[in-house]
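Peer 1: pasting a predicted model and its sequence here:
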Amino acid sequence: MLNRYSTTQLSFRFFIIAVTISITSTITRAQDVIQSKQYPKNQFRYPLDLPPTTAGSFGELRANHFHSGLDFKTNQRIGFPVHAAYDGYISRVRVQFGGFGQALYITHPNGYTTVYGHIEAFTPEIAKYIRDYQYKNQTYEADIAMPVGTYKVNKGDVVAVSGNRGASAGPHVHFEIRDTLTQETINPQLFGLTIPDQIPPTITAIGIYHLNGNPFSDKTPKEFLAVIGANGNYHLTKPQVLNLSGNTGFGISVIDQNSASINRNGIYSLELKLDGATMYTFAVERFAFDQTHAINAYIDYPAFITARRWVQKCFILPGSRISLYPQSINRGIMAFNDDKIHEVEYVVKDIAGNTSTLTLKVQSNTSADSAIPEKPTGTLLHYDRKSEFANDKVKVSIMPGNLYDDLDFIYSAMPAKPGAVSLTHRIHNKLTPIHDGYDLWIKPDVNLGANADKAVIVNAATGSIGGTYEGGWVKATAKVFGDYYIKIDTVPPIITPINIRNGSNMKALRAIKLRMSDNLSGIKSYVGKIDGKWVLVEWDYKTKVLSYTFDNSIAAGKHKFEFTVTDAKNNVSTFTAEFYR
């Protein structure tokens, strides 16, 4: 393998000169906070009439994504009025099983769109519009583009009621400000919607990665060093001069808190300096949603998967394409090869400008000159081109943009699992992230016959990823590496009624409630009907309870309720019960 980092064998003097030029030309500072442009400070208001306190910060590290807004607390209650942050019109509403649950979007004349998620209820006018859409299209989940300019609002108008819908961990309002043209989400605090904060970030550990010309992987030699300190001043728990050689990357474990909440949040910016010159900058100013999964390139992904340890790498993988790196020299990778002592400094800030620093002394070693990159033991896949692996039982195809670095791809086959109709295929390992997905084909070891359309590919850790039978192979899109095999799904979903059975008197009940589940391929769709007519059955993400709430269309007397569930392989179950109102 070529030494992809050979350019780092340059003098530190070159680095210092180059980084000075880069900082001057690519980033600006406002109130000592790194940002690429200025945003209007006096136009938007807070979405709630509560003292601003947050449970989550913009850009905060979450599993598989950067947090895209501010989570405003609502005193652990639902039901607070949600106000339009500025003049505009309601441009989009969304109802979904997970995610925001219910969300509302307002487009403003100043070029921005605000988003309000996890809301409990819309205004009556908007609620009726959504319900009419759901009945017309016979769907619970809905993503509706509203007629432009029809539903106008003024700054401060009540547009919704706060809630706890969707995939939320507690009552709050998720609030975003997006660039209307690009749909990039932007840090709301840059618009003046600040949170009281006089607390600098807390540094808990640093990481050192010995790269030496090799791609970053779970095999990269690394070490973590504990850190102590307070009030923004941190140092190694064990003071020492670090003896480093060759191409080296650094990382850091750090959290932040504001003065209004006990929640641990994310930082705003991180700079890594070498002898006073900035080598690397990270700042959560704005990002596009198709970039957010690249958090797995930003963090030490193997450390997170194996130990749930959040380490933010201060070097950039070559296949990572996100706008959160406003500046770097050699992607933040440093070459220690001149036998001199150098100073490495971390500068960590929250958006209020509170700063924490940690400085290291490094003894550089010329032994890096003799470092030889490791040769691949498997198949070398490149991050910047289409990569393929195939044998007579399995095929893998990864398009450019899905690997963050070159990969020494390892494949192995293992015995079939109970009920499987193929071997178990180990597609590399779960410690290497994929940005979007890759195509995976597996050949069954038996003739599937009439069950070919019931075949699915199963990830041994997470379950079915679906699949279609094509020319003797089962094909699916996989999101992660891991162990995969084929199973056949001929079992229909299970419907479990909660408060209804045949002959039930439902006069005193507000709703019909039931649950559904599936053993393998997953629920594809469900339909509820009363007396042969479609009715709206809502599905709660947290309780997994489905409910139809009675309305005036159901008159007194005898009725027939029918509920049908179809899984991803078109296995169907139906529950039917007559009831009285």
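Peer 2: Perfect, I can see it now.

Peer 1: make it CA atoms for all contacts and neighbour counts henceforth
Peer 2: Noted.

Peer 1: return the residues in contact with the residue positioned nearest the centre of the chain.
Peer 2: In the chain, the centroid-proximal residue (CA atoms, centre = their mean) is His65; its distance is 2.2 Å. His65 makes contact with 292-296, according to CA atoms under 8 Å, 6 or more residues apart in numbering.

Peer 1: want to throw those residues into CSV with pLDDT and distance to Thr202?
Peer 2: Output for those, formatted as CSV (pLDDT from 0 to 100; distance: CA to CA, whole Å):
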residue, pLDDT, distance to Thr202
Thr292, 96, 24
His293, 96, 25
Ala294, 97, 24
Ile295, 98, 20
Asn296, 98, 22
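
Peer 1: quick one: which of the residues you listed sit in helices?
Peer 2: Counting by DSSP state H, the contacts of His65 place 295-296 in helices.

Peer 1: quick one, longest strand in the chain?
Peer 2: strand 241-255 (DSSP state E).

Peer 1: give the partner strands of that one in its sheet and their orientations.
Peer 2: Strand 241-255 has the following strand partners under DSSP bridges: strand 202-210 (antiparallel), strand 312-313 (antiparallel), strand 334-336 (antiparallel), strand 355-365 (parallel).

Peer 1: that strand: what's the following helix or strand?
Peer 2: Once the chain leaves strand 241-255, the next helix or strand it forms, by DSSP states H and E, is strand 269-274.

Peer 1: who's in contact with the nearest residue to Thr549 once chain neighbours are set aside?
Peer 2: In space, and not counting its chain neighbours, Thr549 is closest to Ala511: 4.2 Å by CA to CA, 6 or more residues apart in numbering. Counting by CA under 8 Å, 6+ apart, Ala511 touches 547-550.

Peer 1: how about the nearest residue to Lys569 once chain neighbours are set aside, phi and psi?
Peer 2: Nearest non-adjacent residue to Lys569, counting by CA to CA, 6+ apart: Lys454, 5.5 Å away. Lys454 adopts backbone torsions of phi -100, psi 0, taken as degrees, to the nearest 10.

Peer 1: I'd say Glu345 and Leu360 touch.
Peer 2: Yes: with contact defined as CA atoms under 8 Å, Glu345 and Leu360 form a contacting pair (6.2 Å).

Peer 1: picking up where we left off before, quick one: which of the contacts of Ala511 sit in strands?
Peer 2: If you go by DSSP E, the contacts of Ala511 have 547-549 in strands.

Peer 1: most neighbours, which of those residues?
Peer 2: Ser547 (19 neighbours; other CA atoms under 10 Å).

Peer 1: how much space separates it from Tyr580?
Peer 2: Using CA to CA, to the nearest Å, one gets 17 Å for the distance from Ser547 to Tyr580.

Peer 1: tell me where the stretch 101-250 of the chain has helices.
Peer 2: Taking DSSP state H, counting those that start in this stretch as the test, the helices found in the stretch 101-250 of the chain are 124-137.

Peer 1: point out where it drops to low pLDDT.
Peer 2: Across the stretch 101-250 of the chain, nothing is flagged by pLDDT under 70.

Peer 1: among the contacts of Ala511, which one sits closest to Gly232?
Peer 2: Within the contacts of Ala511, distances to Gly232 taken as CA to CA reach their minimum at Ser547, with 51.5 Å.

Peer 1: in contact with the closest one, which residues?
Peer 2: Ser547 makes contacts with 511-514, 537-539, as judged by CA under 8 Å, 6+ apart.

Peer 1: and Val456, by the same measure?
Peer 2: By CA under 8 Å, 6+ apart, the contact list for Val456 reads 464-468, 474, 486-489, 521.

Peer 1: okay, those in a markdown table with secondary structure next?
Peer 2: Shown next, in a markdown table, are the contacts of Val456 (DSSP: H, G, I helix; E, B strand; the rest coil):
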| residue | secondary structure |
| --- | --- |
| Ser464 | strand |
| Ile465 | coil |
| Gly466 | coil |
| Gly467 | coil |
| Thr468 | strand |
| Val474 | strand |
| Ile486 | strand |
| Lys487 | strand |
| Ile488 | strand |
| Asp489 | coil |
| Ser521 | coil |
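
Peer 1: nearest to Ala283 among those residues?
Peer 2: Distance to Ala283, by CA to CA, is smallest for Ile465 among the contacts of Val456, at 34.7 Å.

Peer 1: returning to that earlier point: dump the contacts of Val456 to CSV, plus pLDDT.
Peer 2: Shown next, in CSV, are these (pLDDT from 0 to 100):
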residue, pLDDT
Ser464, 98
Ile465, 98
Gly466, 98
Gly467, 97
Thr468, 98
Val474, 98
Ile486, 98
Lys487, 98
Ile488, 98
Asp489, 98
Ser521, 97
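
Peer 1: can I get the residues you listed in a markdown table including neighbour count and distance to Tyr116?
Peer 2: Formatted as a markdown table, these follow (neighbours: other CA atoms under 10 Å; distance: CA to CA, whole Å):
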| residue | neighbour count | distance to Tyr116 |
| --- | --- | --- |
| Ser464 | 24 | 33 |
| Ile465 | 18 | 31 |
| Gly466 | 22 | 33 |
| Gly467 | 25 | 35 |
| Thr468 | 17 | 38 |
| Val474 | 23 | 41 |
| Ile486 | 28 | 41 |
| Lys487 | 21 | 41 |
| Ile488 | 20 | 42 |
| Asp489 | 23 | 39 |
| Ser521 | 28 | 33 |
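
Peer 1: could you save those as CSV and add columns showing distance to Phe80?
Peer 2: Formatted as CSV, these follow (distance: CA to CA, whole Å):
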residue, distance to Phe80
Ser464, 40
Ile465, 40
Gly466, 41
Gly467, 44
Thr468, 47
Val474, 50
Ile486, 49
Lys487, 48
Ile488, 48
Asp489, 46
Ser521, 39
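
Peer 1: which of the residues you listed lies closest to Asp338?
Peer 2: Using CA to CA, Ile465 is the member of these that lies nearest Asp338, at 51.0 Å.

Peer 1: got the phi and psi for that closest one?
Peer 2: Backbone torsions of Ile465, given as degrees, to the nearest 10, read phi -110, psi 10.

Peer 1: what's the domain layout of this structure?
Peer 2: If you go by automatic domain parsing, the domain ranges for the chain are 6-33+197-370, 54-191, 379-488, 494-580.

Peer 1: against Thr204, how distant is the closest residue in space to Val362 that isn't next to it in sequence?
Peer 2: Nearest non-adjacent residue to Val362, counting by CA to CA, 6+ apart: Leu242, 4.7 Å away. Leu242 sits 18 Å away from Thr204, taking CA to CA as the criterion.

Peer 1: same deal with Gly163?
Peer 2: Separation of Gly163 from Thr204 (CA to CA) stands at 34 Å.

Peer 1: same deal with Lys238?
Peer 2: 13 Å.

Peer 1: quick one: common contacting residues for the two?
Peer 2: Shared contacts of Lys238 and Thr204 (CA under 8 Å, 6+ apart): Ala226.

Peer 1: same drill for those two, tell me which one is more crowded.
Peer 2: More crowded of Lys238 and Thr204, by other CA under 10 Å: Thr204, with 19 against 10.

Peer 1: number of residues surrounding the nearest residue to that one once chain neighbours are set aside?
Peer 2: Distances taken as CA to CA, 6+ apart place Val227 nearest to Thr204, at 5.2 Å, with adjacent residues excluded. By other CA under 10 Å, the residues close to Val227 number 19.

Peer 1: surely Val227 touches Thr237?
Peer 2: Yes: using CA under 8 Å, Val227 is in contact with Thr237, at 4.9 Å.

Peer 1: what's the first-to-last distance across stretch 204-221?
Peer 2: Distance across stretch 204-221, first residue to last, is 20 Å (CA to CA).

Peer 1: the residue nearest to the centre of the chain bridge partners, please.
Peer 2: With DSSP bridges as the rule, His65 is bridged to Arg62.

Peer 1: I'd assumed Gly471 was in contact with Asp453.
Peer 2: No: judged on CA under 8 Å, Asp453 makes no contact with Gly471 at a distance of 11.9 Å.

Peer 1: between the two, point out the one with more neighbours.
Peer 2: Set side by side, Asp453 and Gly471 show more neighbours around Asp453, with 18 against 8, by other CA under 10 Å.
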